[in-house]
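Fold the following for me, if possible:
(chains A and B)
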Amino acid sequence: MFRRKSRGDAIFDIANHALLFLMVLVVLYPLYFSFIASFSNPQAIYQGRVIFLPADITFSGYQKIFSNDSIWRSYGNSILYTAVGTCFNLIFTIPLAFALSRKELPLCGLYMKLATFTMYFYGGIIPLYFVVKNLKLLDSMWALIWPTVIATYNMIIARSFFLGNIPEDLKEAAFLDGCGYIRFFFSIALPLSKSLIAVMALFYGARHWNGYFEALIYMNSETKFPLQLILRTILIDSQASLAMTEDATTVADKQQLVDLLKYGCVIVSSVPMLIVYPFVQKHFVKGVMIGAVKG
Amino acid sequence: MSGPGQTRAARRRDFWKRFHQTKALYLFIIPGILFYAIFKYYPIYGSQIAFRDYSPYLGFWNSEWVGLANFQRFFSSPDFLKIIQNTLVINLTALVIGFPFPILLALMLNQVTNQRFKKTVQTITYAPYFISTVVMVGMLYTMLSPYSGVINVIIKKLGGEAVFFMGNKSMYVPIYVLSGVWQTSGWSAVVYIAALSGVSEELHEAATVDGAGRLRRIWHIDLPGITPTIVTMLILTAGQMLSIGFEKSNLMQNAINIDVAEVISTYTYKRGLINGDFSYASAVELFQSAINFGILVAVNKLSQKLNETSLW
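Predicted coordinates for the structure are as follows:
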């Protein structure tokens, strides 16, 4: 269908597109700048020569990062915690959400109410810390996994997905063929839920990869720290990052190396998310929208 | 079938029949029940430490019961007003500036007919949500640095004076809120975009035939169409009025801005987990949770009366 636009609508269209384009630039620029700054000579940055393009290319920041043991160790830790943690998240969240999406389940409403209540009222970090301590989970990977193994918000999204995507007829047909709930879940519901699984894995994975609070309170040994906790000292605490550059001779040299190091860390730590994100985001519409409408 | 005419015994028989039919599902539910019991409800029960005077010798459950003493200690401490004020200033600023932004973004995106452009903008604007808080605050520190930060380099190029953004108390709240807008607007817009996809196409066509322009249709059709979603999000935001996440505040705090930057989550961390004053910290947290929950219930009730939108 072809409809002539009024002049007002045409102006609106142009302004709308321009504004959206501007927003995209505002979102992208800090990331783009960190990227080009990570291999530009800091001197060139101070002189204002690195605004749109890199200048005086140097890789000394990356060299410093790649030769730093604690960054690599924590990188490995984070990959391990994220992989194991996300698997447990999925194993605990998705079957539960499926079961709670079955309206014929007795007390289903009560279970949902009890779960939702914990989103709005929580005992606080102090009693939770004691629970983790008494379970002898302190300073172990499991302290980062068990207390957050189900995020209620994600569970509710998953449940809405099952409510909206698994037709009742399908269940009845399957049950007539002698399917039970377990088989129905594994061989029919789960294969229909690839988008949901992808999105849940991204949500949970991002939480494990990006968070540091749990590690800060539960972990003591530096060898077990995840990446974000190490980054926290490098990016935020200037004294710590200055200490990493003891081979630079002057204070100015040190400061420059610190800057390079910081921009490099931003890039290096974001690589896994940047790799995973484009693959998963195409599932967003199917996986999240359905859950999002209902809140 | 359960109906109002059934006797109690029949209902009970029906319940057990359904229970028997669905018992396989309990394989899926029991791990969840255990999780909520151990990591959600047991800590709620354990928050009674707020009414005790925790002593490591007597243990968590045997410490002396002191009633509201810890709460009184908090209310009469000079920290109390400061922290509440800081929290409210940050959250109200975020509400005024940050809350409308995703709605605006969603309404604008909804007007784009080119699907590829729409998808690209959406993908890019919600990407920052997946950047860690550490990296985001790290970028703030480097890019806003008075000497080497690109923002100040540009300011100096334009003939201005360098500004020490992160070392300026009055800049703390704007930086906190705006960086939050940068990080979460695209993400929060998803809910509204989903709601907008449910707004009736016919209404739009009818309005177009009547000669209504884009802005008028947004105002009279799209906005009312997503009002229930907006109200729901508003209720949820109100229910978090006393909460401010630990991670970002902890990273942005320094000796200069601590007066305006200290919030409940960072305060309880310091008082409780660092200094070991567990009962006091727990009282502060319980106060926060109770107030949040109270606001949530009250706002939800109000909304139910005013426009029939409610969480439950």
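
you'd agree B:Ala195 is up against B:Ile226?
Yes. Counting by Cβ atoms under 8 Å, B:Ala195 does reach B:Ile226; the two are 4.3 Å apart. For glycine as for every other residue, the C-beta is placed from the backbone atoms N, C-alpha and C.

more neighbours, the two?
Per other Cβ atoms under 10 Å in any protein chain shown, whichever of B:Ala195 and B:Ile226 has more neighbours is B:Ala195, with 25 against 22.

State the distance from the more buried one to B:Tyr41.
Here the criterion is Cβ to Cβ, to the nearest Å. By it, B:Ala195 lies 33 Å from B:Tyr41.

for B:Arg12, what are its contacts?
Going by Cβ atoms under 8 Å, 6 or more residues apart in numbering or on different chains, B:Arg12 touches no other residue.

distance of it from B:His20?
From B:Arg12 to B:His20 the distance is 13 Å (Cβ to Cβ).

And B:Tyr126, by the same measure?
Shown here: B:Tyr126 relative to B:His20, a distance of 45 Å by Cβ to Cβ.

Between those two, which is the more surrounded one?
Shown here are B:Tyr126 and B:His20; by other Cβ under 10 Å, B:Tyr126 has more neighbours (23 against 9).

which residues touch the more buried one?
B:Tyr126 makes contact with A:Gln281, B:Gly186, B:Trp187, B:Ala189, B:Val190, according to Cβ under 8 Å, 6+ apart.

could these go into JSON lines alongside pLDDT?
Below are those laid out as JSON lines (pLDDT from 0 to 100):
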{"residue": "A:Gln281", "pLDDT": "77"}
{"residue": "B:Gly186", "pLDDT": "90"}
{"residue": "B:Trp187", "pLDDT": "87"}
{"residue": "B:Ala189", "pLDDT": "91"}
{"residue": "B:Val190", "pLDDT": "86"}
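
And the furthest pair within the residues you listed?
Greatest spacing in the contacts of B:Tyr126, by Cβ to Cβ: A:Gln281 and B:Ala189 (13.8 Å).

between the two, who's got more neighbours?
Counting neighbours by other Cβ under 10 Å for A:Gln281 and for B:Ala189 shows that B:Ala189 has the greater number, 25 against 19.

Look up how far B:Leu109 lies from that one.
Distance, B:Ala189 to B:Leu109, using Cβ to Cβ: 7 Å.

tell me, what's touching the two both at once?
Taking Cβ under 8 Å, 6+ apart as the criterion, B:Ala189 and B:Leu109 both touch B:Gln122.

in chain B, which ranges drop under the pLDDT threshold?
Scanning chain B with the threshold set as pLDDT under 70 gives B:1-6.

Check it for its longest helix and report it.
Counting by DSSP state H, the longest helix found in chain B is helix B:278-307.

My read is that B:Ile124 contacts A:Leu28, right?
Yes. B:Ile124 is in contact with A:Leu28 according to Cβ under 8 Å; the separation is 6.3 Å.

is whichever strand or helix holds A:Ile79 up against chain B anywhere?
Element membership for A:Ile79, per DSSP states H and E: helix A:69-100. Yes. Contact of helix A:69-100 with chain B (Cβ under 8 Å from any Cβ of the partner chain) involves A:Phe92, A:Pro95, A:Leu96, A:Phe98, A:Ala99, A:Leu100.

can you pull the buried residues of that helix?
Neighbour-count burial for helix A:69-100 flags A:70-71, A:73-75, A:77-78, A:81-82, A:85-86, A:88-90, A:92-100 (criterion: 16 or more other Cβ atoms under 10 Å in any protein chain shown).

Over to stretch A:214-228?
The neighbour-count check on stretch A:214-228 (16+ other Cβ under 10 Å) flags A:Glu214, A:Ala215, A:Leu216, A:Ile217, A:Tyr218, A:Met219, A:Lys224, A:Phe225, A:Pro226, A:Leu227, A:Gln228 as buried.

Endpoints of it, how far apart?
Stretch A:214-228 has its terminal residues 11 Å apart, counting by Cα to Cα, to the nearest Å.

Now tell me what touches that stretch from outside.
By Cβ under 8 Å, 6+ apart, the list of residues contacting stretch A:214-228 from outside reads A:70-71, A:73-75, A:77-78, A:81, A:125, A:129, A:132, A:137-141, A:143-144, A:147-148, A:209-212, A:229, A:269, B:132, B:134, B:269, B:273.

residues in contact with the residue in the stretch 151-300 of chain B that chain A sits nearest to?
In the stretch 151-300 of chain B, the residue that lies nearest chain A is B:Glu285 (3.3 Å; Cβ to the nearest Cβ). Counting by Cβ under 8 Å, 6+ apart, B:Glu285 makes contact with A:Gly123, A:Gly124, A:Ile125, A:Ile126, B:Ser47, B:Ala50, B:Ile264, B:Thr268.

most surrounded residue in those residues?
Using other Cβ under 10 Å as the neighbour test, the contacts of B:Glu285 are led by A:Ile126, with 29 neighbours.

Could I get the contacting residues of that residue?
Listed by Cβ under 8 Å, 6+ apart, the contact partners of A:Ile126 are B:Ser47, B:Ile49, B:Thr268, B:Gly272, B:Leu273, B:Phe278, B:Ala281, B:Ser282, B:Glu285.

C-alpha coordinates for the helix or strand hosting it, CSV please?
Per DSSP H and E: A:Ile126 is located in helix A:125-134. In CSV, the C-alpha atoms belonging to helix A:125-134 read as follows (Å, rounded to 0.1, in the frame of the first residue of the first chain):
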residue,chain,number,x,y,z
ILE,A,125,22.8,-9.8,53.0
ILE,A,126,23.7,-10.4,56.6
PRO,A,127,21.5,-13.4,57.3
LEU,A,128,22.3,-14.7,53.8
TYR,A,129,26.0,-14.4,54.5
PHE,A,130,25.5,-16.6,57.6
VAL,A,131,23.6,-19.2,55.6
VAL,A,132,26.5,-19.4,53.1
LYS,A,133,29.0,-19.5,55.9
ASN,A,134,27.1,-22.3,57.7
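
which other residues reach the next helix or strand after that helix?
Counting by DSSP H and E, the next helix or strand C-terminal to helix A:125-134 is helix A:142-145. Residues outside helix A:142-145 that contact it (Cβ under 8 Å, 6+ apart): A:Tyr81, A:Val84, A:Gly85, A:Phe88, A:Val132, A:Leu137, A:His208, A:Glu214, A:Ala215, A:Tyr218, A:Met219, A:Pro226.

And stretch A:109-123, by the same measure?
Identification of contacts with stretch A:109-123 by Cβ under 8 Å, 6+ apart yields A:100, A:105, A:152-153, A:155-156, A:159, B:29, B:32-33, B:36, B:40-47, B:239, B:285-286, B:289-290, B:292-293, B:296, B:312.

Make sure B:Tyr269 is indeed in a helix.
Yes. Using DSSP: H, G, I helix; E, B strand; the rest coil, the assignment for B:Tyr269 is a helix.

For the residue nearest to A:Ile230 when sequence neighbours are not counted, give me its contacts.
Closest residue to A:Ile230 apart from its sequence neighbours, by Cβ to Cβ, 6 or more residues apart in numbering or on different chains: A:Ser74 at 4.2 Å. The contact partners of A:Ser74, by Cβ under 8 Å, 6+ apart, come to A:Phe225, A:Pro226, A:Leu227, A:Leu229, A:Ile230.
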